[in-house]
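Engineer: fold the following, please.
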Amino acid sequence: MLTSFTNHVRNHVSDHSLPLCIIFYFSFLQTTQFDPDEFYQTLEPSLHLLSRPSHLTWEWSSAFNLRSTLNLLPYSLSYALGLNLIGVKLLNALQAYAIYLLTLSLSISHLSTKDKNTDTNNTEYRCRQLLISTNWFFLYSCNRSTSNNVETILTTLVVLMTLRKSSPILTCLIMSLAISIRFTSVLIFLPLHLLHFPPLSKLPLYILSSLTFLLLFHSFDCIIKSLPLTTLPSFLNNITFNVLLNKSNLYGTHPFYWYFTEGILTVFAFYIPYINLKGRFNLIILVYVGILSAAAHKELRFLTPILPMVLSEMGVPGLRVFRGVVFCNLGAAIFFNFAWQSGGVLGVKSLRVGEGGRVYLMTECHQTPSYSHLGGREFLEVKGLDCGPECRERGDCESWKFMDDKVETLRGETFEEGWVVYQFENEEEEIEGGKVLEGKGGTFRNKFWRNRYESISGGEGFSVYQMN
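Structural biologist: Just a heads-up that it's a prediction; the model follows:
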């Protein structure tokens, strides 16, 4: 049995060696920030579950309770084992690889419906392997945006299981888990099951099973959070906050058509000419994106769940064009993983915090990681500037006041012994802010440009000062 398993693993790695190397390379070596959620909605609460110092944002408070802990447990285990960011990167790489494999499975089922050879030596199969694994957005987002990645894995699993008419109980289990983590997965499940409607005789089983699993997942989440079981489920709180109260608008808005005119064009970029306009999943995609478009708050990562359905059925260009498409995607992935928005991450990771020291993050809302990137070093407190929904409604957020007048905000702050990470937007702010910090006993230690290429032309960045 062990020999059989070893041979299976060896064959799998041999078959997927190049995509495997590409995915793990970008996952382990990327140095940039994609979205604050990768820190404050995954890593910080994962530390909190271990009763370690962490920065819990407003979403995790009992007053809002918008997020589920169900996707955090592997990250908490990673920190508990002392793997820290190495373990985080490994988990992110495995999630990205799972999305790749599921997309390839959808693609194989697509090829088989066309009665094409799906042997692993088939040229189209090999091309699809690379087209899926080198999509620039996949390599930029799917190695860090955890809740969206888990949603994508679970929704794609449900699509595959529905097409294969797998066990309805297991399908309901995975659907319920996806909904518990991100309620937007419902927007894929509804059109999917309308197209593949279960027999009426099994409908009560589907409904009862789904409700039972939702209740079990909610109970487990409440136990982990030490909340009463009568607490409203986090996915219902999320619907209330984002849909009924429409408070996600406080974090930026876009017009209704944004996903169609910019979002999809950006995510699929070089693949746009090869998208299959007669694909099996187009109605599901259209319903998903159409309903998402009704919400004014839009983000590129919200399109992640449709990646497998689009990439699995797109056309394969000729060899010369194919090479160009792959290299253009890899070029974009290299830029966004290594040159774009790296300053905040590098600034915090550069700190050497001793016992009793404090860290002051004088930046725009969540522009740097927090405790998760301090590597377990001893410190007393990490203090950021408030940017929650309550202060946004009042119009008096600390982060807004800082961005309006950075130098004046620094003058009004009291800094104890420790470190200050100071965000500046131009050379004047860098110099004037530095004078204020030095006047308060600070010593300049380092500077990191927000984007690496700004080291040539100048621009935004983060200065690191040690306060004595």
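
Engineer: all the strands of this structure, in order from the start?
Structural biologist: Taking DSSP state E, the strands of the chain run over residues 358-362, 381-383, 418-424, 442-449, 461-467.

Engineer: tell me which of the ones you listed sits most buried.
Structural biologist: Among these, strand 418-424 has the highest mean neighbour count (mean count of other CB atoms under 10 Å), at a mean of 25. For every residue, glycine as well, the C-beta is placed using N, CA and C.

Engineer: alpha carbons only: can I get it in PDB?
Structural biologist: What follows is strand 418-424, C-alpha atoms only, in PDB (Å, rounded to 0.1, in the frame of the first residue of the first chain):
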ATOM      1  CA  GLY A 418       9.700  51.400  20.800                       C
ATOM      2  CA  TRP A 419       9.200  51.900  17.100                       C
ATOM      3  CA  VAL A 420       7.300  54.000  14.700                       C
ATOM      4  CA  VAL A 421       6.400  53.000  11.100                       C
ATOM      5  CA  TYR A 422       5.500  56.300   9.400                       C
ATOM      6  CA  GLN A 423       3.800  56.400   6.000                       C
ATOM      7  CA  PHE A 424       4.600  59.400   3.800                       C
END
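
Engineer: all further residue positions should be reported with the first residue as 184.
Structural biologist: Got it, first residue is 184 now, which makes that one strand 601-607.

Engineer: that strand packs against which elements?
Structural biologist: Helices and strands touching strand 601-607, by 3 or more CB pairs under 8 Å, 6 or more residues apart in numbering; DSSP states H and E, are helix 526-532, strand 541-545, helix 589-595, helix 610-622, strand 644-650.

Engineer: quick check: longest helix of this structure.
Structural biologist: Looking across the chain with DSSP state H, the single longest helix is helix 267-296.

Engineer: and that one, what does it pack against?
Structural biologist: Helix 267-296 sits against helix 200-212, helix 256-263, helix 306-316, helix 319-324, helix 329-346, helix 490-494, with contacts defined as 3+ CB pairs under 8 Å, 6+ apart.

Engineer: would CSV of those with distance to residue 407 and mean pLDDT be doable?
Structural biologist: Below are the helices and strands packed on helix 267-296 laid out as CSV (distance: least, CB to CB, whole Å; pLDDT from 0 to 100):
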stretch, distance to residue 407, mean pLDDT
helix 200-212, 27, 95
helix 256-263, 8, 94
helix 306-316, 34, 88
helix 319-324, 26, 94
helix 329-346, 16, 95
helix 490-494, 29, 95
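
Engineer: nearest to residue 570, of these?
Structural biologist: With CB to CB as the criterion, residue 570 lies closest to helix 329-346 of those, at 19.5 Å.

Engineer: check contacts around residue 328.
Structural biologist: Residue 328 sits next to 217, 218, 220, 221, 484, 487 when contact means CB atoms under 8 Å, 6 or more residues apart in numbering.

Engineer: an error on my part: the question was meant for residue 632.
Structural biologist: Neighbouring residues of residue 632 by CB under 8 Å, 6+ apart: 525, 526, 638, 642, 643, 644.

Engineer: biggest separation within the residues you listed, which pair?
Structural biologist: Farthest-apart pair in the contacts of residue 632 is 525 and 642; separation 13.0 Å (CB to CB).

Engineer: comparing the two, which residue is more hemmed in?
Structural biologist: residue 525 (20 against 16; other CB atoms under 10 Å).

Engineer: and the pLDDT for that one?
Structural biologist: Looking at residue 525, its pLDDT reads 92.

Engineer: so how far is residue 616 from it?
Structural biologist: Using CB to CB, to the nearest Å, one gets 20 Å for the distance from residue 525 to residue 616.

Engineer: now do residue 630
Structural biologist: Separation of residue 630 from residue 616 (CB to CB): 11 Å.

Engineer: quick one, helices of the stretch 434-583 of the chain?
Structural biologist: Counting by DSSP state H, counting those that start in this stretch, the stretch 434-583 of the chain has helices at residues 441, 447-451, 465-476, 490-494, 502-521, 526-532, 572-577, 581-587.

Engineer: quick one: which of those is nearest residue 333?
Structural biologist: Among the helices of the stretch 434-583 of the chain, the nearest to residue 333 by CB to CB is helix 490-494 (13.4 Å).

Engineer: outside of the closest one, which residues touch it?
Structural biologist: Outside helix 490-494, the residues that reach it (CB under 8 Å, 6+ apart) are 282, 285-286, 289-290, 314-315, 318, 320-321, 325, 335, 339, 342, 450-451, 454, 458, 462, 464, 467-468.
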